[in-house]
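A.B. asks: mind folding the following:
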Amino acid sequence: MDNERLSKQIKFIVEIDKLKQILRQNVVIGTTRNENDAEHSWHLAVMAILLSEYASDKNIDILHVIKMVLIHDLVEIDAGDTFCYDEKGHLDKKEREQKAADRLFNILPSDQAEEIMALWREFEEMETSEARFAACLDRIQPLILNYNTKGHTWQKPGVTSEKVFKRNDPLRENAPELWEFAKEIIEDSIRKGYLRK
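C.D. replies: Now for the predicted structure:
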């Protein structure tokens, strides 16, 4: 291909198709099939559009949030999915994901590589209103899936309501109405036996 920029962009587009092969711990509602990372990212993008009114910051840049949630898990193509309650897996998660980001994002032309890297770092650091809201979506989506699959991933060893509450705590400050919703789901899940106290 004569156009080097386009060639790099297409190479990246082909590479990120692998995200469809990265399986998460959650299952798709109504099935026993594990959700993949591409489905998760798409779900978050739609949630960002629908739920932005619940962000504490009413001046949030929703397109920026959508960009973040669409790229936040691309690093898992190389680094793999780390289950949020896997303490051992989190020990080297940062290092694995940075190495993956360096390889994957640098497939792109340098200006786009820098933009995608900046979006990924912003999501990870959770310092902007947009990143904090994106993180809220990343937490409440698995909560909704678990509630609607009778606590599928909550049945794994070591998962307790205390850990689920802690995982969803960013909602408290950054999306208070969603926090109230999350609390109701968690408490009802305990009552129904989906989640250990």
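
A.B. asks: how much space separates the spatially most central residue of the chain from residue 24?
C.D. replies: Residue closest to the mean C-alpha point of the chain, counted by CA atoms, centre = their mean, is residue 138 at 4.0 Å. Distance, residue 138 to residue 24, using CB to CB, to the nearest Å: 11 Å. Every residue, glycine included, has its C-beta placed from N, CA and C.

A.B. asks: swap in residue 33?
C.D. replies: 11 Å.

A.B. asks: who has more neighbours, these two?
C.D. replies: Applying other CB atoms under 10 Å to residue 33 and residue 24 shows that residue 24 carries more neighbours, namely 20 against 10.

A.B. asks: what mean pLDDT does the longest helix along the chain get?
C.D. replies: For the chain, the longest helix by residue count, based on DSSP state H, is helix 129-147. Throughout helix 129-147, pLDDT has a mean value of 98.

A.B. asks: what residues of it count as buried?
C.D. replies: 129-147 (16 or more other CB atoms under 10 Å).

A.B. asks: what's the next secondary structure element after it?
C.D. replies: Counting by DSSP states H and E, the next helix or strand C-terminal to helix 129-147 is helix 161-167.

A.B. asks: buried residues in the helix or strand following that next one?
C.D. replies: Downstream of helix 161-167, the first helix or strand assigned by DSSP H and E is helix 170-174. Neighbour-count burial for helix 170-174, counted by 16+ other CB under 10 Å, picks out 170, 171, 172, 174.

A.B. asks: save the residues you listed as JSON lines, and put in distance to residue 41 and pLDDT too.
C.D. replies: Output for the buried residues of helix 170-174, formatted as JSON lines (distance: CB to CB, whole Å; pLDDT from 0 to 100):
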{"residue": "170", "distance to residue 41": "18", "pLDDT": "97"}
{"residue": "171", "distance to residue 41": "19", "pLDDT": "98"}
{"residue": "172", "distance to residue 41": "24", "pLDDT": "98"}
{"residue": "174", "distance to residue 41": "20", "pLDDT": "98"}
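
A.B. asks: OK, contacts around the closest residue to residue 62 other than its chain neighbours?
C.D. replies: In space, and not counting its chain neighbours, residue 62 is closest to residue 52: 4.8 Å by CB to CB, 6 or more residues apart in numbering. Shown in contact with residue 52 (CB atoms under 8 Å, 6 or more residues apart in numbering): 60, 62, 65, 133.

A.B. asks: which element is the third one on?
C.D. replies: Under the criterion DSSP H and E, the helix or strand holding residue 65 is helix 62-71.
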